[in-house]
Structures are given as C-alpha cells and as structure tokens.
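A.B. asks: With the sequence up front, the predicted model follows.
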Amino acid sequence: MQIEFPDGRVQQIEAGVTGSDIAKGISPSLEKKAVAISLNGELKDLNVPLTAGGKFRIITKDDPEGVEILRHDTAHVLAETIKELYPDAQITIGPVIENGFFYDIYRDKPFTTDDFEGIEQRMREIVDRNEPIQREEWDRDEAIKYFESIGEKFKAEIIRDIPAGQVISLYRQGKFLDLCRGPHLPSTGRLGKAFKLMKLAGAYWRGDSKNPMLQRIYGTAWATEEQLKQHLHMLEEAEKRDHRKLGREMDLFHMQDEAPGSVFWHPKGWTIYRELQNYIRRRISKVGYVEVNTPIMVDRILWEASGHWEKFHENMFISETEDKLFALKPMNCPCHVQIFRQGIKSYRDLPLRMAEFGCCHRNEPSGALHGLMRVRSFVQDDAHIFCQEDDITSETKAFCDLLMSVYKDFGFTDVRIKFSDRPEKRAGTDATWDKAEGALMEAVKASGLEYTLNPGEGAFYGPKLEFVLRDAIGRDWQCGTLQVDFVLPERLDANYIGSDGEKHRPVMLHRAILGSIERFFGILIENYAGKLPLWLAPTQVVIATVVDSANEYAKIICDQLKEAELRVGMDLRNEKISYKVRDLSVQKIPYIAVVGAKEAEEQTISLRQLGSQEQTVMTLKDFVAMMKANAAPPA
RNA sequence: GCCGAUUUAGCUCAGCUGGUAGAGCAUCUGAUUUGUAAUCAGAGGGUCGUUGGUUCGAAUCCGACAAUCGGCACCA
C-alpha cells in the first residue's frame, strides 16, 4: 500500500508500520515534534499500525490540530492528577476549548484556587514520568462495568449513551484509564509544561440546570512556554480594556446596589451615548425609516395577545395599579403594531420602516448581569419593517448593506452571519415557518454574504439572521439581528389593503444594528481600549496652559472651538505642563493644545495627539479648521 | 436562578492566630509660574457591604441577606 504526503510525494509502506516509524524515517527531529497523524483527513495516534494507505500528513505541535491534541492530553493529565490527589472525586468530561481545556469533576468538597498549585505540581510530575499513552478498544458492557466498579458513575452514563455500533475506545496512561475518542500523544512526556490552571467554576452535568452541579477546572495549554507567556500577556491586555474599569477611570458611568443591572450615565458617558444614537438616527433616516416613541408601561393584555406573557412573564417587571396589571415593556414590537394599526394602511404605505430608541426592561437572572454587556434596562436601535412578502428579499439586502456600512464606520470589518431556524418552543404553524425560513434564506443568499447555519436558535415567532463582529483583539460579539415574523401581525391583527382591494397581513421584519446601545457602548470602549475616535470622544481637545499669563489666550481658543461645536476643555491649573500632559493623556483626551507666552504672542498653538510624542505648531485659524474637519462624525 | 470567590477611604490595595484601622494615588490648603507622561510641604477623609450571633472585646470567628467577580443555565 502507499501513502501520499501533502507535497504530492508518494511512499510505499508495509501494513503495520506506524506514523511514528514514518516520521522517524523522514527525520528523527520530526518524530520528536510529531503528536499524531492525519490519514485521509482522519486524525490517528502516532503509534497505531496503519492498515490502509492514502493521503498522509504528520501533525506536529505547530499545527492547529496538534495543539488541540496537546490540550486534550493536558486535560487527561489533569484528570489523572485529580484521581491521584482526590480519590473520592468522579471525573466526567474534559474537552478542548479555545486556548485550552476544562475538566468537569464531581466532588462533595469544593476545590479552591489554592489547590491549583498542588495540582499543577503533580501534573508536571506526571509529565516527567513520561507514561506511555495507549489506546484500547473495549466492549461496551465491560467498559460500563469497569467504570461502575471504580465508582465513575458519570463515565458509565456517557458510555451507555454512545450509539450502538460505535467503537468504545479507552486510553491508558499509568494507572489511569479514561474514555476518549482520541487521538492522543504517545506519552505524557510529550506534553511539555506550557500549561496553567486558570479558573474554577460551577457547571451543570450535561449543561442542564436540573442536573447536579459539577466543578469545572479551566486550564490553558500551549506548544511552547513562549506561547503560554504571550497568551497570559494577552489576557492582561484584555483586562486593561475592561469597560467596567475604563468606565470608572474615564468617568463615563457607574452602577450601584440600589439599581442592579441599570446604568447611571455620567455627563461624559452620556455624551458618547447620544453621539451613537444620533449617528444611527442620521443613518436610518437617510434610508427611509421614521422614528416613533411608545409607552414604557403597557397592560398585560397586550403581552398576552403578542405571546410574550406566556413565554417570558417571569422575566418581565410588573406593576399593579388599581385593578390592572402592567408590565414594563421588554421590547418595542407590540407597541409598533399598535401604531401601524391606527387608521387604514394601504400597500402604497409599505414598506413602513418604524424605528424607536425605546427603553426596555428585562428581569435578567441575577447571575447573568455583567457590566454594560448584560443589563436589565437598555435601549436598542430597534426598528420594525412592515412589508409585503415580496419585499423580504430587497429589505433584507438593504438592511445588510446598511449594517455593514455602520460597522465599517466603527472599524469592524470582520463580520459573520448566522442563520437561526425554528426553535422547539415556537408560535405559528409549520407552514408559516416553512414560508418564513424560505423567504429569509432566499434573502440572505441574494445579499451575497456568507452565513453559517445555527439550527434551532430562532426567536419564538420567526427565524433570524445574527450578525457577529470581531473586535480589535479578536473577540466575537453578536450585535445585529434581523428576524422574519409572520406571527405577530397575525396575533395582533395588523393588516393593510392590497392592490386587489382586499385585506392582507403584512410581514414584520424585526431588526437592530448595534443591538443594545449599552452593550455596544461597552464593546466600543473595549475595542478602542478607551481611545475613542474623535467624533465620539466626550472631550475632544483640552487647552493646557504653561503659565498663568496665557490663560486669557486659552479662553479665546476655547470660545472659538465651542463656536465650531467642538467639545473642548481648559486646563488652567497651577501645575507644570508635563503634569498636565500626563494627566490629560491618562484621561485619553485625543488632542492637547499647549499654549504658553510664545503661542499667545504668535497666535499659535502647540498640538499633541494622544499616543504620539510629536508636537505640531500651527496657527489658531488652521487649528480650529483642522479640528472641525476631523471631529465630523461619519456621514 | 445554580456553583465558587469577593466586599476595608473617591480609586488600587495592606491589616498575621480576635484588643475598635493604614499606604500610594486622588481631594483640599499653602508655597512654586513652570515648555510636553507625576514640583514640594501640610491637612481632611472610613459605623471595615447590611444585619443577626459568639465573646469582656469582632474589619478579623459563625449565620442570613445584598451586590459584585468567574463560570454554568438563561437571553424575546
């Protein structure tokens, strides 16, 4: 039989030869770096005798698949360590995740992060022991019996659930035997020591909140110490940009115990917030949206009619007054239908694009709250497009164009789309869902954008597109959405008169670009690390004086900048200029205009931009013109 | 909501095995009039998250509650 290498070279091999043998044949150093092989796209252990030929590749620690195997092995070594140090613990599953792995463990006594040092120590010992890792294929019943005999009930349960006919493979290293699909390294010594335990958290068995709570140990693992160091450094950087920290440091907003999940916006934060809102206002009004505003508190009757009460009433804030039960609106759509229903609508009025920056409240579970990213009181850049079925494609395409253009203005160009179809619990008939999913699918195809399927994740009233953007440090955030809804217009009895003179149901497209403005604000702060583009910066420029005698001149400059509608401040404090420059830089002020006796004399300023040491001297007139031009928001 | 951790001055954090609190930065006052990332000196500031309990005595030990943090579950 023969194998073919990625470069096209073909080699004859005999049956029974292992990947390890082949690697050694190429070079001993390659064999040392190898972690597994890929045969016809399938990953296999290095030491498994080959029984067939085909497309062959040696996987090393440098390959993405190689690092995954290494992480998986690290999880196994963690499990082995846990069984050695805490024999009463039961192990469950330990998969690879981004940058590392975790292992879920059942044990009565909680672990603490103080245990990490001892665990890591023992893990390193197991690496030093260089235990061979061997694959074994077991009979299902034997495997169940074995794991039950050693008290590993969770493992036994997993094996029971493996579909019949599938091979039950176990991997043995030292005295430790774990259920695993593989592949694995040939021995624990190959792992290296570029790993670290990171976090401890609770996690439900099989992800179901009705099941027992397990303890999850998170770890990170890399091919080299250098990569581990880099990763830890990246985490530090992410921590530095945390919007909760920057929000406090930059005096943008705060939250307090008396209003958990709600934001107290400070003047600077609110300036940014309003800029964002007004930017969206300009963008949507240009493409045919109208803006409305609807009540925050609405009778439960409307929520029952829309279907929200049944599904979400536990997460709604309610208020009883006289004999009525009101709910704070968790979303705007039912209110928009009420506006649509006023008067008689003609097909000539469609598509009607109705936008609202409505304040919505959702009683999110306490454990879900997270800074600005998950709040209980928020505003979306929400809109509903009432249209005819034939309009879905063109409206979807127009929306995708708008959304991409908006994201681009914030510097987000890496955007992915997820197509989420019918969930298990849903409103509307299957025929309606067929129609809605078909129409949305056709629309997204027509938009020419790439998408991935996200089965079962649609809203209860319709399928949706979800727009995921990638930020400056590579994190993904789901922000925009577009949902096709045939259900709500029906339930809330919206209709229009068609060209045939008959009544028809409009289709509703629910859509948002930024999503929650609170959350998008947080994403922006972290994306820019607080260094906002000029048009968003709450203070765009500060005039800093070198001596008191320049104060009058500073005030003249300040007035002129205000006249040009710039957000300007003055630093007339009795401090050295280097102190002011440091202080204003720490505050992330985009521009500092320094003026002393010389500038006052010559009617100039000395300009310094955030992040640069350079000083540019320019005339006052040029300076004001330049600032005005640069501070203009995107169209 | 569930698991674990945390909560001390505006911020960041000390405070060992119980004897009623401390630093740096910030703030205020004074001196200094200064040329591009921290001038010097002094002062003020805390019911130690809230609330019960143990104790002669609690920031410290125990309980309840709240909020926050890390996850899980949830996310119209």
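C.D. replies: Sure, I can see it. Residues are numbered from 1 along each chain as shown, chains lettered A, B, ... in the order given.

A.B. asks: CA atoms for contacts and neighbours, from now on please.
C.D. replies: Fine.

A.B. asks: Counting by contacts, list what the host helix or strand of A:Thr396 packs against.
C.D. replies: A:Thr396 belongs to helix A:392-409 when elements are defined using DSSP states H and E. In terms of contacts (3 or more Cα pairs under 8 Å, 6 or more residues apart in numbering; DSSP states H and E), helix A:392-409 is packed against helix A:430-447, strand A:507-516.

A.B. asks: Tell me where the stretch 151-300 of chain A has strands.
C.D. replies: Secondary structure of the stretch 151-300 of chain A (DSSP state E, counting those that start in this stretch): strands located at A:168-173, A:176-179, A:195-204, A:213-221, A:253-254, A:264-265, A:289-291, A:297-299.

A.B. asks: Looking at the ones you listed, spot the one closest to RNA strand B.
C.D. replies: Across those, the minimum distance to RNA strand B, taken as Cα to the nearest atom of the strand, is reached by strand A:195-204, at 3.4 Å.

A.B. asks: just how off-centre is that closest one within its chain?
C.D. replies: 20 Å (Cα atoms, centre = their mean, to the nearest Å).

A.B. asks: does that strand come close to RNA strand B?
C.D. replies: Yes. Contact check for strand A:195-204 against RNA strand B, using Cα under 7 Å from any atom of the strand: residues in range are A:Lys199, A:Leu200, A:Ala201, A:Gly202, A:Ala203, A:Tyr204.

A.B. asks: OK, contacts around the fifth one?
C.D. replies: Taking Cα atoms under 8 Å, 6 or more residues apart in numbering as the criterion, A:Ala203 is in contact with A:Asp104, A:Met213, A:Leu214, A:Gln215, A:Arg216.

A.B. asks: In PyMOL, how would I select just the buried ones from those?
C.D. replies: Once 16 or more other Cα atoms under 10 Å is used to decide burial, the buried members of those can be selected in PyMOL as follows:
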select buried, chain A and resi 104+213+214+215+216
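
A.B. asks: Close to RNA strand B as well: tell me which of the contacts of A:Ala203 qualify.
C.D. replies: Near RNA strand B, by the rule Cα under 7 Å from any atom of the strand, you find A:Met213, A:Leu214, A:Gln215, A:Arg216 out of the contacts of A:Ala203.

A.B. asks: returning to what we had before: need the residues of strand A:195-204 next to RNA strand B in TSV (columns: pLDDT).
C.D. replies: As requested, the residues of strand A:195-204 next to RNA strand B are exported to TSV (pLDDT from 0 to 100):
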residue	pLDDT
A:Lys199	92
A:Leu200	92
A:Ala201	93
A:Gly202	94
A:Ala203	96
A:Tyr204	96
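
A.B. asks: Now, of these, which are buried?
C.D. replies: Buried, going by 16+ other Cα under 10 Å: A:Leu200, A:Ala203, out of those.

A.B. asks: Can you add distance to A:Phe5 and give the residues of strand A:195-204 next to RNA strand B back as a markdown table?
C.D. replies: Rendered in a markdown table, the data for the residues of strand A:195-204 next to RNA strand B read as follows (distance: Cα to Cα, whole Å):
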| residue | distance to A:Phe5 |
| --- | --- |
| A:Lys199 | 41 |
| A:Leu200 | 43 |
| A:Ala201 | 44 |
| A:Gly202 | 45 |
| A:Ala203 | 43 |
| A:Tyr204 | 44 |
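
A.B. asks: How about A:Met88, nearest residue that isn't a chain neighbour?
C.D. replies: One correction, residue A:88 is Asp, not Met. Distances taken as Cα to Cα, 6 or more residues apart in numbering put A:Arg107 closest to A:Asp88, at 6.9 Å, once the chain neighbours are dropped.

A.B. asks: try A:Arg129
C.D. replies: Across the structure, with Cα to Cα, 6+ apart as the measure, the residue nearest A:Arg129 apart from its sequence neighbours is A:Gly189 (6.9 Å).

A.B. asks: Many thanks, have a good one.
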